[in-house]
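Participant: What follows is a predicted structure for the sequence shown.
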Amino acid sequence: FLTKYFSLTYQMKGTNTKDFTSSLDVNNITTSFLDDKNKLPLVISPRFDDSLQFLCTWLEANRSWVEEQMLAHGAVLIRGFQIDTAPEFEQAIYSLQPNLNDCYRGTSPRSVFEGTKYMFSAADVPVNYPIGQHLEMSFLKCPPKQLYFGCLKESNSDGGETSLCDFRKVYQDLDPALRKKFETKKVRYSRTHGKIGDKWTVDVGAMLSWAQMFGTSDRQEVESICKEEDAPEVQWVGPNKDTFFQEWEDDACQHHPITKEKAWFNHAQVFHWSTFPAELFYAFSRIRDVRFLLRSTIIAIVAVIKFCLLGHRMALDIRFGDGSPISFSEMNKVRKAVHKNMVFSTWRKGDILCIDNFSTSHGRQPTYDFGRKVLVAWSNPHDKTSTRAFPSIDKMSEDSSDKLKESCSSLFDDNHVPGAIEATPNPSPDSTLSGEEAQELKDLLIYQGNEEDQASIGPNNRHTSCPSVRLEGMFS
């Protein structure tokens with residue numbers, strides 16, 4: 001046992017036991033990419049210790065580094081740690097982002113998990129409903145800066161992935177004439193919520209009541225909340241004047257608050273009437289489940305009759321800023337750019353998916369596995385109107401790009417976050433220790449590491465191949 005012990009510790013880059021167990025730098029995790037082509041998302045996995053305690057301590061110590069990776073790649077997937085319950089997810093996510101928020105003005109019905117304050121169900125709608133790609137609450141003046149999803153139970157059948165898409169690439173890939181039309185005309189949103197949400201509908205927005213959205217059934221209180229949040233004026237419509245209605249104009253695209261790059265930044269691919277059948281058909285084309293094809297065909301017929309022939313509107317509706325409708329062919333061009341850049345993240349239990357909400361969208365692929373359970377949390381909001389003062393550029397200027405690269409030089413070099421093998425190469429061969437011996441070794445190393453001075457342990461003790469510049473507070 002001692003021979004194996006000294007052989008193993010010697011092989012660990014010549015480091016002492018403190019470096020192996022107690023150091024909180026990125027030597028203790030491995031990095032890879034879920035999609036090598038799109039570099040989205042960056043995957044962080046345990047190298048030695050997969051415990052929740054280690055993850056929380058490591059995330060707190062390396063908060064800036066993880067946020068830098070979210071900025072550079074759009075999303076970070078934390079995988080392989082022992083996380084089983086909603087409170088444990090909250091503990092881990094809070095270690096990374098202490099500025100969480102529990103105010104929700106989005107579109108889907110959600111409920112908070114027992115024993116938590118900030119962990120919500122991702123969407124209380126049937127899992128066989130597709131959710132189109134979107135930036136969370138992008139139609140609001142102040143959407144959250146970051147999102148955090150966690151998987152309590154993965155889907156055991158086809159579908160059910162949380163898909164990702166870089167909306168900066170979507171902006172670039174859009175048909176130039178259509179992009180100009182959106183930027184010139186802008187978009188006009190309207191939202192209508194009853195006092196009681198609809199149960200039997202394919203319009204997800206209609207499932208959410210205004211009483212649930214604001215946490216009160218007092219209309220005056222709702223109006224006061226909207227004024228405090230600088231939201232559009234509330235109108236009460238319908239026969240009993242108890243139906244919530246808002247309408248406002250917004251930009252179709254936004255600059256990223258840090259990189260200043262332009263991104264597609266609206267809810268067209270969720271609020272347009274054609275989305276539901278189109279996304280069901282897309283799911284069928286991916287996984288060839290005929291049930292999605294049948295539902296797509298039926299819902300498409302209903303949608304054409306209801307929204308085109310009879311003139312009804314979605315509960316959450318989007319048009320061009322002048323009130324003219326976005327045509328089916330125009331939405332297909334948008335969807336084509338979105339689908340081209342989509343990446344599919346298949347869930348595993350314990351996964352945490354961290355997303356930069358100002359560059360990278362998320363969506364839900366439908367599944368018939370009704371046991372799938374995913375939670376979500378979000379950070380404090382950011383006033384997106386503050387970016388309107390930025391120069392009107394599609395990409396960063398050469399000068400701005402050089403300055404950002406200089407300040408975050410390691411973020412823009414793929415060599416710093418290469419593939420799984422190259423990222424954090426294992427300097428030692430496979431262990432020949434038995435399970436019992438390995439546990440004894442771990443206990444011994446932890447004991448020795450705890451005996452040493454902890455003063456030098458912290459977020460600044462980084463591997464040389466990792467970003468040395470910290471963008472502290474850019475998302476706080």
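Facilitator: Structure's in. What do you need?
Participant: And the residue nearest to the spatial centre of the chain, which helix or strand is it part of?
Facilitator: By C-alpha atoms, centre = their mean, the mean C-alpha position of the chain lies nearest to Ile355, the distance being 3.5 Å. In the assignment (DSSP states H and E), Ile355 maps to strand 352-356.
Participant: and that strand, what does it pack onto?
Facilitator: Helices and strands touching strand 352-356, by 3 or more C-beta pairs under 8 Å, 6 or more residues apart in numbering; DSSP states H and E, are helix 63-73, strand 75-78, helix 86-96, strand 146-153. In short, each C-beta sits where N, CA and C put it, glycine included.
Participant: which one of the ones you listed lies closest to Lys199?
Facilitator: Proximity to Lys199, assessed across those by C-beta to C-beta, is greatest for strand 146-153 (24.0 Å).
Participant: Give me the neighbour count for the nearest residue to Asp251 once chain neighbours are set aside.
Facilitator: Closest residue to Asp251 apart from its sequence neighbours, by C-beta to C-beta, 6 or more residues apart in numbering: Lys186 at 5.7 Å. Counted by other C-beta atoms under 10 Å, the residues lying close to Lys186 total 16.
Participant: and what of Glu154?
Facilitator: Neighbour tally, Glu154, other C-beta under 10 Å: 18.
Participant: what separates the nearest residue to it once chain neighbours are set aside from Pro130, distance-wise?
Facilitator: When the adjacent residues along the chain are set aside, Glu154 lies closest to Trp347, with 4.0 Å between them (C-beta to C-beta, 6+ apart). The gap separating Trp347 from Pro130 is 16 Å, by C-beta to C-beta, to the nearest Å.
Participant: Among the two, which residue is more densely surrounded?
Facilitator: Pro130 (26 against 22).
Participant: what sits against the more buried one?
Facilitator: For Pro130, the contacting residues are 275-276, 279-280, 282-283, 363-366, by C-beta atoms under 8 Å, 6 or more residues apart in numbering.
Participant: In the stretch 151-300 of the chain, where is pLDDT below threshold?
Facilitator: Applying pLDDT under 70 to the stretch 151-300 of the chain picks out no residues at all.
Participant: can you map out the strands along the stretch 301-450 of the chain?
Facilitator: Using DSSP state E, counting those that start in this stretch, the strands of the stretch 301-450 of the chain run over 316-320, 342-345, 352-356, 360-364, 373-379.
Participant: Go through the longest one and flag the buried ones.
Facilitator: Applying a neighbour-count criterion of 16 or more other C-beta atoms under 10 Å, the buried positions in strand 373-379 are 373-379.
Participant: List the neighbouring strands of that strand plus their orientation.
Facilitator: strand 100-101 (antiparallel), strand 120-121 (antiparallel), strand 146-153 (antiparallel) (DSSP bridges).
Participant: The stretch 151-300 of the chain: helices as residue ranges?
Facilitator: For the stretch 151-300 of the chain, the helices defined by DSSP state H, counting those that start in this stretch occupy 167-173, 176-185, 210-214, 219-228, 268-271, 275-287, 290-303.
Participant: contact partners of the fifth one?
Facilitator: Right, helix 268-271. With contact meaning C-beta under 8 Å, 6+ apart, helix 268-271 is reached by 107, 131-134, 139, 187, 189, 205, 252, 275, 314, 316-318, 326, 331, 334-335, 338.
Participant: returning to that earlier point: for the residue nearest to the centre of the chain, give me its contacts.
Facilitator: Residues counted as contacts of Ile355 (C-beta under 8 Å, 6+ apart) are 41, 70, 74-75, 146-149, 164, 362.
Participant: And those, which is closest to Ser111?
Facilitator: Phe149 (15.6 Å).
Participant: give me the number of residues near Asp369?
Facilitator: Asp369 - counted by other C-beta under 10 Å - has 15 other residues nearby.
Participant: swap that for Gly350, sorry
Facilitator: 22.
Participant: show me the contacts for it.
Facilitator: 79-84, 150-151.
Participant: do Pro257 as well
Facilitator: Neighbouring residues of Pro257 by C-beta under 8 Å, 6+ apart: 145, 358, 382, 384, 386-387.
Participant: Tell me the spacing between it and Trp65.
Facilitator: On the measure of C-beta to C-beta, Pro257 and Trp65 end up 19 Å apart.
Participant: quick one, helices of the stretch 301-450 of the chain?
Facilitator: Under DSSP H, counting those that start in this stretch, the stretch 301-450 of the chain gives helices at 328-340, 398-407, 420-423, 435-451.
Participant: can I get the CA coordinates of stretch 371-389 in PDB?
Facilitator: What follows is stretch 371-389, C-alpha atoms only, in PDB (Å, rounded to 0.1, in the frame of the first residue of the first chain):
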ATOM      1  CA  GLY A 371     -40.600  11.800 -15.300                       C
ATOM      2  CA  ARG A 372     -38.100  14.400 -16.600                       C
ATOM      3  CA  LYS A 373     -37.500  17.000 -13.900                       C
ATOM      4  CA  VAL A 374     -35.400  20.100 -14.400                       C
ATOM      5  CA  LEU A 375     -35.200  23.200 -12.200                       C
ATOM      6  CA  VAL A 376     -34.000  26.800 -12.900                       C
ATOM      7  CA  ALA A 377     -32.700  29.800 -11.100                       C
ATOM      8  CA  TRP A 378     -31.700  33.200 -12.400                       C
ATOM      9  CA  SER A 379     -29.500  36.100 -11.400                       C
ATOM     10  CA  ASN A 380     -30.400  39.700 -10.800                       C
ATOM     11  CA  PRO A 381     -31.700  41.600 -13.800                       C
ATOM     12  CA  HIS A 382     -29.800  43.900 -16.100                       C
ATOM     13  CA  ASP A 383     -31.300  47.000 -17.800                       C
ATOM     14  CA  LYS A 384     -30.900  46.200 -21.500                       C
ATOM     15  CA  THR A 385     -31.700  49.800 -22.500                       C
ATOM     16  CA  SER A 386     -28.300  50.800 -21.100                       C
ATOM     17  CA  THR A 387     -26.600  49.100 -24.100                       C
ATOM     18  CA  ARG A 388     -28.400  51.400 -26.600                       C
ATOM     19  CA  ALA A 389     -25.600  53.900 -26.200                       C
END
